[in-house]
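K.L.:
Show me how the following folds:
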Amino acid sequence: MKNSFRYLLLLLFVVPFLKVAKAQDIKVSAILDSSKIRIGEQVKLDLYVTYNANAVKNFQLQWPEIVDTIVGKVEVIETSPIDTMIPDKNQPAIIQQHQRFIISAYDSGYFAMPPFRFVLNGDTAHPLLTEALLLEVHTVATDSSEAKVKDIKPLFEEPFNWKWYIHYVYYGLAALAIIATIIVLTVYFTRKSKTVVKEPEKPKVPAHITALASLEKVKTEKVWKEDKIKEYYSQISDTIRLYIEERFGVFALESTTDEIMLAFRTQVVDPVSKEKLQQLLQLSDLVKFAKMSPIEAEHEFTLQNAFDFVNGTKREEEYSVAPENNTADTTNPINTNTP
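P.N.:
Prediction:
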């Protein structure tokens with residue numbers, strides 16, 4: 001009975017220490033190559049796992065799941081696969097695994113990244129934790145040294161010479177001669193003609209027809225599969241901006257996304273269409289100016305948002321039917337004779 005009690009005490013005290021010792025043979029760490037960046041700059045985040053292959057065998061280690069964001073507005077731009085290497089050739093039993101993330105932030109501030117969790121052999125109650133990290137994101141500082149006030153330079157005076165302007169006189173006389181010739185010819189042919197053929201107006205194609213045709217072309221070409229991601233989002237953005245100008249009369253081609261959304265406050269558009277418009281314009285801006293690389297699903301999602309916005313805001317317009325025979329209106333001709 002006493003021996004059984006001793007064995008039980010031995011198991012209670014020795015087994016936890018064996019488990020801790022096994023965890024201590026595996027070290028995890030997280031390193032930022034720079035803790036201070038400017039908005040839009042990219043920084044490398046490296047995760048390392050180091051262990052002794054002779055001391056630790058047949059273990060399963062679950063890495064942290066990092067997809068799109070780490071914390072707050074810190075976004076993941078690129079993820080590398082996990083590689084294995086021997087950091088010290090003198091100690092071949094020491095194995096190191098490594099994974100790199102390219103991250104960035106598009107807002108200034110201090111972003112604290114909590115420790116990254118590694119789960120050993122499915123023990124979620126006692127994970128292996130790295131050190132916490134802090135990333136400082138600053139705005140671009142302006143250089144005030146270039147705005148120094150300088151003295152006003154005096155005027156340079158030179159003697160007047162009429163020969164400087166002689167070529168302007170020649171140009172002016174030639175222009176007057178051309179204008180006089182055009183006037184004379186216009187008056188002559190205007191008096192000679194008595195009737196004017198009325199040209200039928202060409203039917204105006206609705207803005208949504210043109211926009212949908214352009215989007216169908218973008219959908220068919222799929223230039224993003226040729227690594228032309230910037231051109232792909234530029235085509236979608238330019239098509240929607242041109243549609244907004246023709247449909248709503250908003251100067252969208254030369255306006256920023258914020259200016260367009262501010263102008264849409266006075267437009268009668270449903271909230272869902274406004275939200276889809278803002279999503280596709282903001283993502284296009286990030287791709288074109290911040291060199292963001294969206295995932296493949298976002299390519300199709302952005303194009304579908306463009307289709308939904310056009311179909312949700314289109315206005316059917318009637319075509320003006322042109323006459324089949326383009327002949328002069330002889331019943332009521334226009335007399336162009338000048339009085």
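K.L.:
Next, the buried residues of stretch 245-257.
P.N.:
245-248, 250, 252, 255, 257 (16 or more other C-beta atoms under 10 Å). No exception for glycine: its C-beta is placed from N, CA and C like everyone else's.
K.L.:
got the residues you listed as TSV, with distance to residue 214, pLDDT and secondary structure columns?
P.N.:
Written out in TSV, the entries for those read as follows (distance: C-beta to C-beta, whole Å; pLDDT from 0 to 100; DSSP: H, G, I helix; E, B strand; the rest coil):
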residue	distance to residue 214	pLDDT	secondary structure
245	13	88	helix
246	12	86	helix
247	13	85	helix
248	17	86	helix
250	18	85	coil
252	14	84	coil
255	19	87	coil
257	19	88	helix
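K.L.:
With only the CA atoms kept, save stretch 258-267 in PDB.
P.N.:
The C-alpha atoms that make up stretch 258-267 are tabulated as PDB, following Å, rounded to 0.1, in the frame of the first residue of the first chain:
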ATOM      1  CA  ASP A 258     -14.100  60.900 -50.900                       C
ATOM      2  CA  GLU A 259     -15.300  63.700 -53.200                       C
ATOM      3  CA  ILE A 260     -17.500  61.300 -55.200                       C
ATOM      4  CA  MET A 261     -19.100  59.800 -52.100                       C
ATOM      5  CA  LEU A 262     -19.700  63.300 -50.700                       C
ATOM      6  CA  ALA A 263     -21.500  64.300 -54.000                       C
ATOM      7  CA  PHE A 264     -23.600  61.100 -53.700                       C
ATOM      8  CA  ARG A 265     -25.200  62.400 -50.500                       C
ATOM      9  CA  THR A 266     -27.500  64.600 -52.700                       C
ATOM     10  CA  GLN A 267     -28.300  61.800 -55.200                       C
END
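K.L.:
Mind jotting down where the helices sit in this protein?
P.N.:
When assigned using DSSP state H, the helices of the chain occupy the ranges 2-24, 166-192, 207-221, 229-248, 257-263, 271-289, 296-313.
K.L.:
so how far is residue 118 from the closest residue to residue 94 other than its chain neighbours?
P.N.:
When the adjacent residues along the chain are set aside, residue 94 lies closest to residue 88, with 5.6 Å between them (C-beta to C-beta, 6 or more residues apart in numbering). In this structure, residue 88 and residue 118 are 21 Å apart, going by C-beta to C-beta, to the nearest Å.
K.L.:
tell me, what residue is most central in the protein?
P.N.:
Within the chain, the residue whose C-alpha comes closest to the C-alpha centroid is residue 286; the distance, by C-alpha atoms, centre = their mean, is 2.1 Å.
K.L.:
May I have the distance across stretch 156-172, first residue to last?
P.N.:
Across stretch 156-172, the terminal residues are separated by 28 Å (C-alpha to C-alpha, to the nearest Å).
K.L.:
re earlier: which of residue 88 and residue 118 has more neighbours?
P.N.:
More neighbours sit around residue 118 than around the other of residue 88 and residue 118, counting by other C-beta atoms under 10 Å; the figures are 18 against 9.
K.L.:
can you tell me how far the more buried one sits from residue 103?
P.N.:
With the distance defined as C-beta to C-beta, residue 118 ends up 19 Å from residue 103.
K.L.:
Quick check, the residue nearest to the centre of the chain in contact with residue 292.
P.N.:
Yes: Residue 286 sits in contact with residue 292 when judged by C-beta atoms under 8 Å, with a separation of 4.1 Å.
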